[in-house]
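**Student:** Compute the structure for the input listed below.
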Amino acid sequence: MLLRYFGSGVAATIPTILVLFVLASCAQQQDMALLESPPHEVTVEPPELETVTVESYKRADKADVALSHASPPPALAGAPHFAYAPTVLHRERGPGWHLSPADTENYAEIDDNPIKQAAVDPVSTFSVDVDTGAYSNARRFLNGGSLPPSDAIRIEEMINYFDYAYAPPRDTEAPFAVHTEVGQTPWNKDTYLLKVGLKGYEVPRDQRPPANLVFLLDVSGSMNQPNKLPLLVLSMKMLTKQLRDDDMVTIVVYAGAAGLVLEPTPGSDKATIAAALDRLSAGGSTAGGEGIKLAYAMAEQSRIPGGINRIILATDGDFNVGTVRVNSLKDFVAQKRETGVSLSILGFGTGNLNDQMVEQLANVGNGAYAYIDTMKEGRKVLVEQVGSTLMTIAKDTKIQIEFNPAVVAEYRLIGYTNRLLAREAFNNDKVDAGDIGAGHTVTALYEIALVGSGGLRLDPLRYGDRTVQPDGPTDEFAFVKLRYKLPDADTSTLIEIPLETRLIEAADPPSADFRFAVAVAAFGEKLRGGAYLGSFSYRDIEDLALSARGRDRFGYRAEFLELVRLANAMQISELGCDEGGLGTLAREAFCDQAMN
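**Tutor:** Residues are numbered from 1 along each chain as shown. Just a heads-up that it's a prediction; the model follows:
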């Protein structure tokens, strides 16, 4: 395929672990009494499943019960900050209590996207992403008194956590509308930001297809914490209240083995579904792979032709028995998505969250990943956004942007690091990509530097200067293409949108949604180290977001502002800015900027 603008281009700490020893005090007696009371057990008859060799163990002697009683340690002035590893109070099968660190959280390593020269590599291709788990997980860290690990920050998930007032499509022939906007970069006055936003059409509750849902619930010992199984049960009961009479629910659980707790039950029988949820209790190891197999079997058994067929897996991702390798599970889920059954994942808990596994399984399962840290978040995902959580309106959605090297010298995509695709994958309908749910908004941001501007960061080449721009039209600065498939289609549909240079030259003041999305992106970059932000501070991020708060029906933007303030306060304490005798002029200047 020829490029639009010119012929054939060349594509191109060791962490410190802080262990706190906490003594059980009188204030903990209530929790102990609660734990020592015998739970109501559910008898689960495991089905016949194929024998699976145990490939690895994370903890073979995992405790039955774990409740966090520690709080984050105070930051040491001048010391580097690392993610807080909570100390957890355990009870083993025998009498008595002991203290042990329980941080086995797992995050995939990600790097920031590099700056690219449009003359050398003008085409950027990626899959859309509607996951939001990284934002609520970062909130959990910040509310717990520590900055999240950088690999826990996926900036696109932070941006897409928020709803933006994009106009929906005029009709349902196209599943989503495309919106673009350009504005000056707040942290670099010599560059611009290009925003590409998608808005899916809304489907009224009484018009969506009937849903065949399988609740796949982790009831292993690692889930026996207040922010895990109890929160899971309450969240799933909220979802149950949203069901229609023609919906169907099956409940599968897994611990040491997988089992069927609730046969397919109509949505009209909400009391039976809720009662089955109330009877759940946690204990044992975690045969998550076997649970997934049984859930797919039940989903296929109760399949509704033309309806929504979805598994909702609720877990901390701490699989340690059976099929536990990420790639093996991904291969299985990728195979099963061809049956028309989707997999969405809700993450829960602290200390052993396997973020890497659950995020990747949701990606290949044609579903989304959300992290539930509070009842409010459970309501957001399973009540306010239940339509987008359940119903897919477009699948395998890809975005490709070609930058005109006669206008754009450099660009970088903010986020979507693990969603990048090869250029040729855009036209290949066999390549899996992200799905969009009913009413979903998706936002992507590029920072661009124009030819001849002061925003260039890359040096010219010494031999054969490839940055010399070819003669060509300058009335367009970029060409946006999107591909998507309708839920039951095998062939994709193409959308093409040229972006005129006058959008940059006569850019209107950016909208409130644009400014807020940029503030969220900057916050994500700051939490990851801020390599491209220069001197742009948490205070600057707060001011930008405050100016764009706008209508905030559920208070999510106000909550974001509080998280920015928390991060700023932690940075101030970490650097010792709140103490006397700062030492160096550079440090004093940095602290002055952070505190004022």
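**Student:** CA atoms for contacts and neighbours, from now on please.
**Tutor:** Will do.
**Student:** What distance do you get for the closest residue to Asn404 other than its chain neighbours to Arg4?
**Tutor:** Nearest non-adjacent residue to Asn404, counting by C-alpha to C-alpha, 6 or more residues apart in numbering: Phe477, 5.0 Å away. According to C-alpha to C-alpha, to the nearest Å, Phe477 and Arg4 sit 11 Å apart.
**Student:** same question, Met158
**Tutor:** Met158 sits 32 Å away from Arg4, going by C-alpha to C-alpha.
**Student:** sorry, back to before: now the common contact residues for Phe477 and Arg4.
**Tutor:** Asn404 (C-alpha atoms under 8 Å, 6 or more residues apart in numbering).
**Student:** And these two? Which one has more around it.
**Tutor:** Between Phe477 and Arg4, Phe477 has the larger neighbour count (other C-alpha atoms under 10 Å), namely 22 against 13.
**Student:** Name the SS class of the more buried one, please.
**Tutor:** State at Phe477, reduced to three classes by DSSP: H, G, I helix; E, B strand; the rest coil: strand.
**Student:** Mean confidence (pLDDT) on stretch 299-313, please.
**Tutor:** On average, the pLDDT along stretch 299-313 is 96.
**Student:** Ends of it, what's the gap?
**Tutor:** 12 Å.
**Student:** List the buried residues in it.
**Tutor:** Buried positions in stretch 299-313, judged by neighbour count with 16 or more other C-alpha atoms under 10 Å: Ala299, Glu300, Ser302, Arg303, Ile304, Ile308, Asn309, Arg310, Ile311, Ile312, Leu313.
**Student:** the strands in the stretch 51-200 of the chain, which residues?
**Tutor:** Ranges of strands in the stretch 51-200 of the chain, per DSSP state E, counting those that start in this stretch, are 65-68, 87-91, 97-101, 116-117, 123-127, 176-185, 188-200.
**Student:** Please disregard the earlier target; I meant the stretch 351-500 of the chain.
**Tutor:** 369-372, 392-403, 408-414, 434-437, 441-450, 476-485, 493-500.
**Student:** which residues in the stretch 201-350 of the chain form helices?
**Tutor:** Secondary structure of the stretch 201-350 of the chain (DSSP state H, counting those that start in this stretch): helices located at 229-241, 270-278, 288-301, 326-337.
**Student:** So which bits of the third one are buried?
**Tutor:** For helix 288-301, a neighbour-count test (16+ other C-alpha under 10 Å) marks Gly288, Gly289, Glu290, Gly291, Ile292, Lys293, Leu294, Ala295, Tyr296, Met298, Ala299, Glu300 as buried.
**Student:** what do you get for stretch 111-119?
**Tutor:** Neighbour counts over stretch 111-119 (16+ other C-alpha under 10 Å) mark Asp112, Ile115, Lys116, Gln117, Ala118, Ala119 as buried.
**Student:** just these now: which is nearest Ile345?
**Tutor:** Nearest to Ile345 out of those is Asp112 (C-alpha to C-alpha; 25.2 Å).
**Student:** From what I see, that closest one and Gly415 are in contact.
**Tutor:** Yes. In terms of C-alpha atoms under 8 Å, Asp112 counts as a neighbour of Gly415; the distance is 7.1 Å.
**Student:** Put together JSON lines for the buried residues of stretch 111-119, with pLDDT and distance to Phe162 on each row.
**Tutor:** Formatted as JSON lines, the buried residues of stretch 111-119 follow (pLDDT from 0 to 100; distance: C-alpha to C-alpha, whole Å):
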{"residue": "Asp112", "pLDDT": "96", "distance to Phe162": "22"}
{"residue": "Ile115", "pLDDT": "98", "distance to Phe162": "26"}
{"residue": "Lys116", "pLDDT": "97", "distance to Phe162": "28"}
{"residue": "Gln117", "pLDDT": "95", "distance to Phe162": "31"}
{"residue": "Ala118", "pLDDT": "95", "distance to Phe162": "31"}
{"residue": "Ala119", "pLDDT": "93", "distance to Phe162": "34"}
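**Student:** Same list (these) but as JSON lines, adding distance to Leu544.
**Tutor:** Putting the buried residues of stretch 111-119 into JSON lines (distance: C-alpha to C-alpha, whole Å) gives the following:
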{"residue": "Asp112", "distance to Leu544": "22"}
{"residue": "Ile115", "distance to Leu544": "24"}
{"residue": "Lys116", "distance to Leu544": "27"}
{"residue": "Gln117", "distance to Leu544": "29"}
{"residue": "Ala118", "distance to Leu544": "29"}
{"residue": "Ala119", "distance to Leu544": "33"}
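**Student:** which of these sit farthest apart?
**Tutor:** Greatest spatial distance among the buried residues of stretch 111-119 (C-alpha to C-alpha): Asp112 and Ala119, at 20.9 Å.
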